[in-house]
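>>> Would you be able to build a 3D model of this:
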Amino acid sequence: MRPGITFMKLILVRHGETDWNRQRRVQGITDIPLNQRGVEQAERLARALRNEHIENILSSPLKRALQTAEIVNRCHGKTIRPVSALGELDQGDFEGRTISEIMETNADFLRQWAADPASVIMPGGESLPALQRRALLAIEGVLIEGKNTLIVSHNFTIMTILCTFRYNNLNKVREFRVDPASISIVEYENGVGAVTVMNDVSHLEGL
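Modelled structure (predicted):
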């Protein structure tokens, strides 16, 4: 951390819903925009975060994340910095397929994924440890700056970040749930980070 910085927040936000989320399709690095419900979720998110002291905004460069960041930023007027390291897990051959389709052709892989997700590599894609390494490089840069930062990213990316701060490894990554337009917060104080809010979706009630 930067000398003199003793407290900061990382506000981790998942993008709003897309059509592929609704259809239960694997979207990974496929560049899918928000659907109308996703836009409404992002607007609710903006209202929930309007009084937060946000000094920096970083976003995955994928449309669904950038759109969410832009809507939230209407209340803050910051420069949004797209960071490729905050993109979603590259799911390779599974991109665009539904979970039921993958179950029909890759059931053994999915069983291994469920039992030990950190040990597998998505066919033609990326592993969770590789995702975690690149995401943490982005987080380290934020910690050096020492400013309250909003990070708009994706399901698996946020899961690996939360797992790092809570357990310092990926063994329990499946304990985390990160819903669309959810808020999770890591408070970083005197060199130690702690997860203080996880998957808060109270702002989406009734939507």
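>>> Contact partners for residue 103?
Residue 103 is in contact with residue 110, counting by CB atoms under 8 Å, 6 or more residues apart in numbering. C-beta: built from backbone N, CA, C; applies to glycine.
>>> rerun at 10 Å
For residue 103, the contact set (CB atoms under 10 Å, 6 or more residues apart in numbering) comprises 97, 109, 110, 111.
>>> how about the residues you listed in TSV, adding pLDDT?
Conversion of those to TSV gives the following (pLDDT from 0 to 100):
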residue	pLDDT
97	97
109	95
110	93
111	93
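>>> Give me the buried subset of these.
Buried residues within the contacts of residue 103, counting neighbours by 16 or more other CB atoms under 10 Å: 97, 109.
>>> So which of the contacts of residue 103 belong to helices?
109, 110, 111 (DSSP state H).
>>> how about those in CSV, adding distance to residue 145?
Output for the ones in helices among the contacts of residue 103, formatted as CSV (distance: CB to CB, whole Å):
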residue, distance to residue 145
109, 39
110, 39
111, 42
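>>> quick one, helices of the chain?
Using DSSP H, helices in the chain cover 19-22, 36-49, 63-73, 99-105, 107-115, 128-145, 155-167.
>>> Kindly reformat these as JSON lines and extend each row with distance to residue 13.
Below are those laid out as JSON lines (distance: least, CB to CB, whole Å):
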{"stretch": "helix 19-22", "distance to residue 13": "15"}
{"stretch": "helix 36-49", "distance to residue 13": "6"}
{"stretch": "helix 63-73", "distance to residue 13": "7"}
{"stretch": "helix 99-105", "distance to residue 13": "24"}
{"stretch": "helix 107-115", "distance to residue 13": "25"}
{"stretch": "helix 128-145", "distance to residue 13": "14"}
{"stretch": "helix 155-167", "distance to residue 13": "8"}
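>>> Now do the same contact list for the closest residue to residue 91 other than its chain neighbours.
Once flanking residues are discounted, residue 91 sits nearest to residue 28: 3.5 Å by CB to CB, 6 or more residues apart in numbering. Residues near residue 28 by CB under 10 Å, 6+ apart: 20, 62, 87-92, 94-96, 122, 125-126, 154-156.
>>> Would you agree residue 189 is in contact with residue 8?
Yes. Between residue 189 and residue 8 there is a contact under CB atoms under 10 Å: 8.1 Å.
>>> Tell me, please, where in this structure the pLDDT is lower than the cut-off.
Within the chain, the segments meeting pLDDT under 70 span 1-5.
>>> repeat that with 80
Residue ranges of the chain with pLDDT under 80: 1-6, 168.
>>> quick one: the nearest residue to residue 56 once chain neighbours are set aside and residue 15, what's the gap?
Using CB to CB, 6+ apart and skipping residues adjacent in sequence, the residue nearest residue 56 is residue 149, 4.2 Å away. Applying CB to CB, to the nearest Å, the value for residue 149 to residue 15 is 16 Å.
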